[in-house]
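Visitor: Build me a structure from this.
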Amino acid sequence: MSDTMNRHADSAAVVTGGAQGLGLAIATQLVDEGCRRVVLADLNAEKVEASAAELRARGITVKAVALDLTDVASCLGLINTAIRELGTVNVLVNAAALGARDTLVDGTLDQFDRMFATNVRAPYFLMQGFVRHRLAEGGGGAILNIVSNCAHCGQSYLASYSASKGALATLTKNVANAYKFDRIRCNAILPGWMDTPGEDITQRKFHGATDGWLERAEAGQPMKQLAKPYQLACLASFMLAPSAGVMTGALVDYDQQIPGSYPE
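Guide: Numbers count the residues shown, from 1 in each chain. Just a heads-up that it's a prediction; the model follows:
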């Protein structure tokens with residue numbers, strides 16, 4: 001049986017959305033479980049460097065990269081940078097995403113294109129670079145895509161977001177199937193409502209939330225909380241570890257609301 005706290009000793013990880021929230025929580029969990037080589041990528045250069053510095057203080061190799069997910073060359077370049085900095089890459093976490101609002105009738109072409117460029121095209125080419133590298137290395141490795149429970153449907157004001165996450169869910173299964181004989185595993189977690197810095201910004205920007213919104217929202221949830229990044233990170237770490245065995249192509253719902261359920 002593997003040692004849980006050392007199961008990522010051989011992991012060299014790239015994590016997008018690594019400046020804060022879920023991406024940083026997953027990277028931190030990997031480090032807690034033995035990972036000593038990490039590349040954190042995020043649009044916010046200042047925040048991602050600060051987060052990298054915190055992990056670097058723990059005596060590990062951490063590279064911070066400012067990344068615009070809408071730039072395909074930058075996505076492919078991130079994998080090359082990681083290989084150069086870490087020597088190899090065998091773990092990829094696509095946690096970064098755009099979560100803007102639009103309904104079918106008020107959505108614009110520009111926002112639709114940005115949504116798919118960020119939430120689908122970027123993971124596609126990040127996985128392309130990763131898989132090419134793993135094939136050149138003889139196979140093996142693990143990918144985790146952070147999708148969303150909205151892939152099942154989503155609210156009316158999440159039309160293009162839900163569509164993009166549905167596409168990423170299908171892409172996850174396609175990649176898992178295509179490279180299973182190369183021992184490259186690809187899975188996804190579909191989180192529900194989460195308590196993250198990005199969600200606080202979203203609630204205030206799009207829904208007029210005021211101070212105390214989180215406490216009010218949590219009071220109405222079945223388990224009296226929103227999902228926490230550090231909780232989901234434990235699941236993510238398992239799915240990315242060799243101890244996950246043959247697990248691939250899995251779309252794991254992570255929420256207290258059950259897709260397909262209805263009020264009694």
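
Visitor: Keeping just the C-alphas, turn whichever strand or helix holds Val31 into CSV.
Guide: Applying DSSP states H and E as the criterion places Val31 in helix 21-32. Output in CSV follows, covering the C-alpha atoms of helix 21-32 (Å, rounded to 0.1, in the frame of the first residue of the first chain):
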residue,chain,number,x,y,z
GLY,A,21,-8.6,29.4,-5.2
LEU,A,22,-8.9,25.8,-6.4
GLY,A,23,-5.8,25.7,-8.6
LEU,A,24,-3.6,26.8,-5.7
ALA,A,25,-5.4,24.4,-3.3
ILE,A,26,-4.6,21.5,-5.6
ALA,A,27,-1.0,22.5,-6.1
THR,A,28,-0.6,22.9,-2.3
GLN,A,29,-2.2,19.4,-1.7
LEU,A,30,0.2,17.9,-4.3
VAL,A,31,3.1,19.4,-2.4
ASP,A,32,1.7,18.2,0.9
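
Visitor: Could you list every helix and strand that it packs against?
Guide: Here helix 21-32 is seen to pack against strand 12-16, strand 37-42, helix 45-56, strand 91-94, helix 197-207, helix 229-240 when contacts are counted using 3 or more C-beta pairs under 8 Å, 6 or more residues apart in numbering; DSSP states H and E. For the C-beta atoms, the positions are set from N, CA and C on the backbone; glycine is no exception.

Visitor: Contacts for that helix next, please.
Guide: By C-beta atoms under 8 Å, 6 or more residues apart in numbering, the surrounding residues in contact with helix 21-32 are 5, 8, 11, 13, 15-18, 38, 40, 42, 51, 55, 58, 60, 91, 93, 95-96, 144, 146, 191, 194, 196-199, 229-230, 232-234, 236-237, 240.

Visitor: What residues of that helix count as buried?
Guide: Across helix 21-32, burial judged by 16 or more other C-beta atoms under 10 Å covers Gly21, Leu22, Gly23, Leu24, Ala25, Ile26, Ala27, Thr28, Gln29, Leu30, Val31, Asp32.

Visitor: For the second one, report the pLDDT, please.
Guide: Per-residue confidence for Leu22 comes out at a pLDDT of 96.

Visitor: residue contacts, Gly17?
Guide: Gly17 makes contact with Gly23, Leu24, Ala41, Asp42, Ala95, Ala96, Ala97, Ile146, according to C-beta under 8 Å, 6+ apart.

Visitor: any chance of the helices and strands packed on helix 21-32 in TSV, plus mean pLDDT?
Guide: As requested, those are arranged in TSV below (pLDDT from 0 to 100):
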stretch	mean pLDDT
strand 12-16	98
strand 37-42	98
helix 45-56	97
strand 91-94	98
helix 197-207	87
helix 229-240	97
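
Visitor: Compare the ones you listed and give me the one nearest Ala64.
Guide: Taking C-beta to C-beta as the criterion, Ala64 comes closest to helix 45-56 out of the helices and strands packed on helix 21-32, the separation being 3.7 Å.

Visitor: chain center to the next helix or strand after that closest one: distance?
Guide: Proceeding C-terminally, helix 45-56 gives way to strand 61-66 as the next helix or strand, assigned by DSSP H and E. Centroid separation between strand 61-66 and its chain, computed with C-alpha atoms, centre = their mean, to the nearest Å, is 17 Å.

Visitor: swap in stretch 141-150?
Guide: Using C-alpha atoms, centre = their mean, the distance from the centre of stretch 141-150 to the centre of the chain it belongs to is 6 Å.
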